[in-house]
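Chemist: structure, please.
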Amino acid sequence: KWADVVKTGKAKELPPYNPDWLYVRTASMVRKIYIRGGTGIGAFRKIYGSQHRRGTCTKKFAKASGKIARYICQQLEEMGLVEQDENGGRRITKEGQRELDTVAVQAATGEED
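Modeler: Numbers count the residues shown, from 1 in each chain. Predicted coordinates for the structure are as follows:
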């Protein structure tokens, strides 16, 4: 499977150890879109970027993979949780806001569905 072998950025040497890393990243991205709409792929590349270790040279910042951010945003659009904003980036839909509010209440009260 693609998600098992892909690195999350140029600065990373190995793929993530957690087998559920894609679900965790998706939850993080949808939360960031919920809190601050208009977030685009470039912003997510900066958010999830890290320091690139270059041996004896000094470290430099390297952006994260854009393919992962695009893939997650496309999947969220297919689910109807987010849509493209006319000013650029993505924003949460009414159905997405309702769904995320329901999940947040369930998590806060500790009930499972």
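
Chemist: every contact and neighbour count from this point should use C-alpha atoms.
Modeler: Fine.

Chemist: shaky segments in the chain?
Modeler: 113 (pLDDT under 70).

Chemist: okay, and residue 105 sits in which element?
Modeler: helix 94-109 (DSSP states H and E).

Chemist: now do that helix: distance to the chain's middle.
Modeler: 18 Å (C-alpha atoms, centre = their mean, to the nearest Å).

Chemist: what about the strands in the chain?
Modeler: Here the chain has its strands, by DSSP state E, at 50-52, 60-62, 82-84, 90-92.

Chemist: that older thread, identify all contacting residues around the helix holding residue 105.
Modeler: If you take C-alpha atoms under 8 Å, 6 or more residues apart in numbering as the criterion, helix 94-109 is touched by 34, 80-82, 112.

Chemist: mind checking the strands of the chain for the one nearest to residue 39?
Modeler: strand 90-92 (5.5 Å; C-alpha to C-alpha).
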